[in-house]
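1. Okay, structure incoming, though there's no sequence with it:
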């Protein structure tokens, strides 16, 4: 069902709209929103389902800015872009909060299988990787099927060799294949270096069969030699495995060029915009996304989608005749990709006190239709969450029976700091085909699915700003 | 139906097998093959549907050789590979026939949108393109939606500009979107040069949304200045169109490096192998494919598939206790991609006389399931073709009511020279996602669909070698 024609899905939702909301009976009248609020929600649903504002924002960001890794020109341009757009969209307050970090800069990356059967292969340096020595390095490949196998290799067994981990990420609707795959990316280089390896080559953390490698952040362990680390595209990883199967030594050549600038060399910013609440302006409903992206593709999905959806949601609400009761804050976090630096700084600036953030939700999970909502709120607010679930049920969203929802990405740190949160889960089956690759571009965004997801965030923000309930635990 | 699970399709076919063939009633008993031949066909069907030989051949070719454009090391290696494989598979005769041509060599290709919004974009030089001047060229882009629009531009209107044609190939089961798209690739550079352009940038002839450009052959018109010509990946073409929509001048930088070696600089060969006929050895059933590929990807689909299918078909027949009556000849043509040079030389060597080729079929149309057979034979042979159609109907192949079938690619020249032919049409919907790109790799081959397609060629070759009929017109 989730994969059915998005336009047909949108058309069906639009044709059903109107009848559903007003017929809903709520179990606790005391906590229910007013009839007037219901009418506003219906109005917002109609206008948002018909609006292509979120798509236009993503088109603008990807066309006029493109990718935007912390420290790059794209990063700077994206901050200007976001500030200008928020102002143009009628936000009441727009400001930036500085975030500093290390600027890591990608240069070239060339790789080839030298023998027994020469092939050019496609690699990307992992984010944070050091360079190879000038002129590159050439060494025999030692194959490990998993990170656990690499960890089990004896000390010095990889002296002068290239470690290759071929583990392939599996596809699931909830993206659960990412966890078991990403460990090699984050920690693999130091594990390999500890065994004497001169480089780590890993199969990309990705579910596609394109010759586009997947980058992503890696970390070096203190006190262990830093070796270059690259991801190989899936078809090239298959090829390398097939050569290794033939039981002849396989020699690999790698040349990677990167620059890690000094600490604090990158100056970026969280960009924050608000629709100020009319009655409870100090109570904040937080929606957001991350403004940075990897330095490949145009960051349309990761996280152009979240930027477009949350800015458009607030902008729709700004068009209403009256401001909602609580403040709606859109936070576009800096430097998520390199370690949630924007979210960390956001908390530091507030001494970890987010007690005025009454409910929050981030979007950083791609282009699939949202099918599930999991709250993480005080028990007293659950009836209100059920009420909201009925508002968005016609949009295809089911309410999880659990109450342990954590906001996505950056905002997970706010959840940990005590912010009541909602997690909206999409069909993430195909997201890791594109995640962190040159293929993360506008064409992967389905405008009709996007309209529905944007509407869910619009209704969420308005509902949370109006609900006569305290979502806190 | 064609897109249903290939394994389920294969399993169903295997479970139905046996019952169907013997119950068939033929309208012309005189032209029917014998009961014994029917039993052999059934045996071949069973063994071929269970065999992964064609897949193993493609795996071997793509892993041990990879891409193989005329003149390259890969081309030379592929010839050795094919000769050795045919001998190992029990072919009775194996030989090569030299084919000469021009060696065109790809170097680097870099492109970027310089202004108003800088972006790196993905391009591939078209096959045959000249280089840009040293250091590349930078110029304003002039946008044309179609080749016809470019043709309609006034003389000198593109002086010093880059012509950009954004026409997008459409997707169809029969690949009919290729024709309207490919004209720009073949002729566009000279059309643009005639108007004064310094380069041609075109949207790739391809139906995907990957940041992998599609190469392919282009030609310069005599007497017109040769300008560099490149294909842009589809997402990058979208991006360029979106920048152009903003009505500001768009500046593009292009640096392409190629070498066109002298005439006859490339020495390649057709590789030919035969299963010699037991009764009519001079009557040839020709099946084949092209051995060369573009110099990107590993040529798994184009035309590793045809190589694997036709070699495996002959090898299956070579395993029978008895050789069939007629000779089965597998022709792996050289240099198809650069202009059917192998097919032309094949005809030259035979003074255009292929009257001993009693029936032929090539495979050069990707990985989709075959769903239709179109004969091009003498009217007297149509009953026999109908008989054969009943043999392969359980494999999902319908008989076209037409009798104007032309063999694919290289063998189309043999059809023109008089060879009775059969064209097998597959579901080509997704083929042009990968055609002539770095993404043409082994993972795109579905082993179960391949078993069925290979079986169709196996049954075709055996049937044609045994049928008591003259297929000629």
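-> It's in. None of the values given here were measured: they were computed from a predicted structure.

2. Now residue A:296. Its backbone dihedrals?
-> Main-chain dihedrals, residue A:296, degrees, to the nearest 10: phi -130, psi 160.

3. what do you get for the one 4 residues further on?
-> When quoted as degrees, to the nearest 10, the phi and psi of residue A:300 stand at phi -70, psi -40.

4. Flag every buried residue along the helix ranked longest in chain A.
-> When chain A is parsed with DSSP state H, its longest helix is helix A:447-466. Neighbour-count burial for helix A:447-466 flags A:448-466 (criterion: 16 or more other Cβ atoms under 10 Å in any protein chain shown). Quick note: C-beta positions are derived from backbone N, CA and C, even for glycine.

5. so residue A:433 touches residue A:207, yeah?
-> Yes. Look at residue A:433 against residue A:207 with Cβ atoms under 8 Å: they come within range, at 5.5 Å.

6. Domains of chain A: list them as residue ranges, please.
-> Domain segmentation of chain A under automatic domain parsing yields A:6-102+A:265-466, A:104-260.

7. is chain B contacted by stretch A:194-205?
-> No. For stretch A:194-205, no contact with chain B is found by Cβ under 8 Å from any Cβ of the partner chain; the gap never falls below 12.3 Å.

8. what about that stretch, distance to the chain center?
-> 25 Å (Cα atoms, centre = their mean, to the nearest Å).

9. Can you tell me the SS state at the closest residue in space to residue A:306 that isn't next to it in sequence?
-> Among residues not flanking residue A:306 along the chain, residue A:289 sits closest, at 2.6 Å (Cβ to Cβ, 6 or more residues apart in numbering or on different chains). At residue A:289 the chain is in strand, as set by DSSP: H, G, I helix; E, B strand; the rest coil.

10. so who does residue A:289 touch?
-> Residue A:289 makes contact with A:303, A:305, A:306, A:307, A:309, A:310, A:332, A:333, A:362, A:363, A:364, according to Cβ atoms under 8 Å, 6 or more residues apart in numbering or on different chains.

11. wait, the fifth one sits on residue A:363?
-> I take that to be residue A:309. Yes. With contact defined as Cβ under 8 Å, residue A:309 reaches residue A:363; the gap is 5.2 Å.

12. What residues does residue A:9 make contact with?
-> Per Cβ under 8 Å, 6+ apart, neighbours of residue A:9: A:369, A:396, A:448, A:449, A:452.

13. Rebuild these as a markdown table, extending it with distance to chain B.
-> A markdown table is the format used below for the contacts of residue A:9 (distance: Cβ to the nearest Cβ, whole Å):
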| residue | distance to chain B |
| --- | --- |
| A:369 | 19 |
| A:396 | 25 |
| A:448 | 16 |
| A:449 | 15 |
| A:452 | 21 |
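
14. biggest separation within those, which pair?
-> Pairwise distances across these peak at 12.2 Å for A:396 and A:448 (criterion: Cβ to Cβ).

15. can you give me the helices in the stretch 301-450 of chain A?
-> Using DSSP state H, counting those that start in this stretch, the helices of the stretch 301-450 of chain A run over residues A:305-318, A:341-349, A:382-392, A:410-416, A:447-466.

16. Need those in a markdown table (columns: mean pLDDT).
-> Compiled in a markdown table, the helices of the stretch 301-450 of chain A are given as follows (pLDDT from 0 to 100):
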| stretch | mean pLDDT |
| --- | --- |
| helix A:305-318 | 98 |
| helix A:341-349 | 98 |
| helix A:382-392 | 97 |
| helix A:410-416 | 98 |
| helix A:447-466 | 98 |
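
17. Can I get those helices in TSV including distance to residue A:274?
-> TSV is the format used below for the helices of the stretch 301-450 of chain A (distance: least, Cβ to Cβ, whole Å):
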stretch	distance to residue A:274
helix A:305-318	8
helix A:341-349	14
helix A:382-392	21
helix A:410-416	16
helix A:447-466	11
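
18. quick one on the thing from earlier: separation between the residue nearest to residue A:306 and residue A:436?
-> Distance, residue A:289 to residue A:436, by Cβ to Cβ, to the nearest Å: 16 Å.

19. Relative to residue B:64, which of the helices of the stretch 301-450 of chain A is closest?
-> Residue B:64 lies closest to helix A:305-318 among the helices of the stretch 301-450 of chain A, at 42.4 Å (Cβ to Cβ).

20. Run the angle between the closest one and helix A:447-466 for me.
-> Between helix A:305-318 and helix A:447-466, the angle comes out at 50 degrees (axes from the mean of the first three to the mean of the last three Cα atoms, to 10 degrees).
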